[in-house]
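In: prediction below, plus the sequence it came from.
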Amino acid sequence: MHQITVRAAFDQFLASGKRKLITRSKYAYKLRPFLEEHGQLPIGQITQRHALNWFEAMEASDLAEATLAMTRSCLVAFLNFCVRSGWLASNPAQVVPRYDGRPKRVVTANPDHVAQALTLCGILAKTSDATARRDAAIFALAAISGGRRSNIMLMPFRETVTALHYPEADPAVGNIYTVATRGKTPIEIVFGEFHAGILRGWLEVRPESESNRLFVHLRPSSLGKPLEANGLGHARKNICKIAGVPVITFQAMRKLRGTQIARQFNLELAASALGHISGTKVIREHYYDPDKHAAHVAILQTGRSR
């Protein structure tokens, strides 16, 4: 076994060839956890078990399959370089199954965790902390509407204020509020009276701003400037941390909303609610987690002979 360390081998891998800076940065970012854990080991001691354990841990963290697939390709490329350099006899990462050959897995947010965080949002909307009020409104609107982060980020201020004065009354669900917004795909952000109350809490403390964005900065150095994507990400993480739940992503909340609508109603309605003009195909493949227990019950119920 060659005694060069994993870290030293990786440094040589990055320096080899004519990789662009962005490509080198991708490898460094994707493999940083692996290097932090195994960087001081001699490269010859890396085994299939090291690779399998690392990916099993990542899968347990519910990372997106696209992220897992990209990370696998980075590790395979690095260890292929080690094989060509004579430091390894074979590539131990090849034992990790390719993700494009696996059944698609839809990971939704845990509804109990979302409910716990929303309860907190209702409390924070009444505190004296303006940042907490803003973050609560961001989380609440994303959780109920299933909107993308870009949709929430680009919600218009003046139109939202107007919408709060003109809800649509429904006997089944009460007041329905809708705000048209831009984003990756323009959609309507739909929310109810509970979420409107949280939003009003933010509007009471929102600073004057030249921007028509609903969500703006509160720091003195950036006061009133539009809040960008990373700011919404921080808001979401803050709410989850205070609520004592695992970090819930915007995409996981979107998938939860799509799954709940599809299970209770149908895929077509879920596609419409999430603003997917492609119809049910994308919903079925990426946003819908079928109820397997209900499917099992259906098999037995429909298969009864008496």
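Out: That came through, no problem. Keep in mind it's a predicted model, so treat the numbers as computed, not measured.
In: only C-alpha atoms for contact and neighbour calcs from this point on.
Out: Will do.
In: identify the residues contacting residue 223.
Out: Residue 223 sits next to 207, 209, 216, 217 when contact means C-alpha atoms under 8 Å, 6 or more residues apart in numbering.
In: got the buried residues for the host helix or strand of residue 28?
Out: Per DSSP states H and E: residue 28 is located in helix 21-38. For helix 21-38, burial by neighbour count (16 or more other C-alpha atoms under 10 Å) applies to 27, 28, 30, 31, 34, 38.
In: returning to what we had before: out of the contacts of residue 223, who has the most neighbours?
Out: residue 216 (24 neighbours; other C-alpha atoms under 10 Å).
In: quick check: bridge partners of it?
Out: Applying DSSP bridges to residue 216 yields these beta-bridge partners: residue 226.
In: I figured it hits residue 232, correct?
Out: No: here residue 216 does not reach residue 232: they are 10.0 Å apart, not a contact under C-alpha atoms under 8 Å.
In: in the contacts of residue 223, find the pair that's most separated.
Out: 209 and 217 (9.6 Å; C-alpha to C-alpha).
In: list the residues that contact both of the two?
Out: Both residue 209 and residue 217 are contacted by 223, 224, 225, under the criterion C-alpha under 8 Å, 6+ apart.
In: I'd like the distance between residue 242 and residue 236.
Out: Per C-alpha to C-alpha, to the nearest Å, residue 242 is found 10 Å from residue 236.
In: would you map the helices across the stretch 101-250 of the chain?
Out: For the stretch 101-250 of the chain, the helices defined by DSSP state H, counting those that start in this stretch cover 111-124, 130-145, 149-153, 157-165, 193-203, 229-243, 250-264.
In: quick one, the longest one and helix 111-124 angle?
Out: Spelled out, that is helix 130-145. Helix 130-145 runs at 140 degrees relative to helix 111-124, counting by axes from the mean of the first three to the mean of the last three C-alpha atoms, to 10 degrees.
In: show the average pLDDT along helix 130-145.
Out: In this model, helix 130-145 has a mean pLDDT of 96.
In: do the same with stretch 94-101
Out: 80.
In: for the closest residue in space to residue 218 that isn't next to it in sequence, what are phi and psi?
Out: Leaving out its chain neighbours, the residue that sits closest to residue 218 by C-alpha to C-alpha, 6 or more residues apart in numbering is residue 224, at 6.5 Å. Dihedral angles of residue 224 (phi, psi; degrees, to the nearest 10) stand at phi 80, psi -10.
In: so residue 146 touches residue 257, yeah?
Out: Yes: using C-alpha under 8 Å, residue 146 is in contact with residue 257, at 5.5 Å.
In: next, count neighbours for residue 268.
Out: Other residues lying near residue 268 total 16 when counted by other C-alpha under 10 Å.
In: name the SS class of it, please.
Out: Three-state call for residue 268 (DSSP: H, G, I helix; E, B strand; the rest coil): helix.
In: what pLDDT does it get?
Out: 80.
In: what about it, distance to residue 252?
Out: On the measure of C-alpha to C-alpha, residue 268 and residue 252 end up 20 Å apart.
In: go on, residue 189?
Out: Distance, residue 189 to residue 252, using C-alpha to C-alpha: 17 Å.
In: more neighbours, these two?
Out: Neighbour count, other C-alpha under 10 Å: between residue 189 and residue 252, residue 189 has more, with 25 against 21.
In: contacts only, for that one.
Out: Residue 189 makes contacts with 141, 145, 147, 151, 152, 178, 179, 180, 181, as judged by C-alpha under 8 Å, 6+ apart.
In: dump those residues into TSV; add distance to residue 163 as well.
Out: Output for those, formatted as TSV (distance: C-alpha to C-alpha, whole Å):
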residue	distance to residue 163
141	14
145	15
147	17
151	16
152	15
178	7
179	6
180	10
181	12
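In: may I ask which of these has the most neighbours?
Out: Neighbour counts for the contacts of residue 189, by other C-alpha under 10 Å, peak at residue 147, which reaches 29 neighbours.
In: so it touches residue 272, yeah?
Out: No: the pair residue 147 and residue 272 does not pass the contact test of C-alpha under 8 Å, sitting 11.9 Å apart.
In: give me the three-state assignment for residue 81.
Out: Using three-state DSSP, the structure places residue 81 in helix.
In: relative to residue 91, how far out is the nearest residue to it once chain neighbours are set aside?
Out: Distance criterion C-alpha to C-alpha, 6+ apart; nearest residue to residue 81, sequence neighbours excluded, is residue 13 at 6.6 Å. Distance of residue 13 to residue 91, computed by C-alpha to C-alpha: 15 Å.
In: do residue 139 as well
Out: 43 Å.
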